[in-house]
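Visitor: Sharing a model that was predicted from the sequence below.
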Amino acid sequence: MPKVEIFDPALCCPTGVCGPSVDPELTRVATALFILEKKGYDISRFNLASEPAKFAENKKVIQYLNEKGPDSLPLTLVDGEIVQSETYPSTQKLAEWFGIAVEDLEKKKVTNKIDLV
């Protein structure tokens, strides 16, 4: 099973899904990562604002940031190798890396209605 790590820019909270106007891209990523974590896949996400030590501990990440700067975040590593920067991985890419269906990473809409009468 692959190990995926996402290094976020400085966000207001761990997921970036907070405040009066939420970025739909952050919501998509947070949902997909939550589902993957819940299913036991090895995926981690680190926020520059709250977890700077995680950035400093990773030689590839710190070297990349020294060369490209913080505007290159988010940065995604798969099994320790940088595979993407400046944007979050698509749901398709996450599904591909973990060998699962894209539908398994999408929030399911509740279709059951409860009649309270």
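Guide: Received the coordinates, thanks. What you see is a predicted model, and the numbers here were worked out from it, not measured in a lab.
Visitor: For the chain, which segments count as helices?
Guide: For the chain, applying DSSP state H gives helices covering 24-38, 52-57, 59-68, 91-98.
Visitor: Need the contact partners of the shortest one.
Guide: Identification of contacts with helix 52-57 by CB atoms under 8 Å, 6 or more residues apart in numbering yields 7, 46, 48, 61-62, 65. Every C-beta, even on glycine, is put in place using the N, C-alpha and C of the backbone.
Visitor: thinking again about what came up before, now distance to S85 and mean pLDDT too, for the helices of the chain, in TSV please.
Guide: Formatted as TSV, these follow (distance: least, CB to CB, whole Å; pLDDT from 0 to 100):
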stretch	distance to S85	mean pLDDT
helix 24-38	15	90
helix 52-57	13	95
helix 59-68	7	96
helix 91-98	13	96
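Visitor: do you know which of the ones you listed lies nearest T76?
Guide: T76 lies closest to helix 91-98 among those, at 8.5 Å (CB to CB).
Visitor: ok, back up a step: can you redo the helices of the chain as JSON lines with distance to P74 and mean neighbour count?
Guide: Converted to JSON lines, those look like this (distance: least, CB to CB, whole Å; neighbours: other CB atoms under 10 Å):
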{"stretch": "helix 24-38", "distance to P74": "8", "mean neighbour count": "16"}
{"stretch": "helix 52-57", "distance to P74": "12", "mean neighbour count": "13"}
{"stretch": "helix 59-68", "distance to P74": "11", "mean neighbour count": "13"}
{"stretch": "helix 91-98", "distance to P74": "13", "mean neighbour count": "17"}
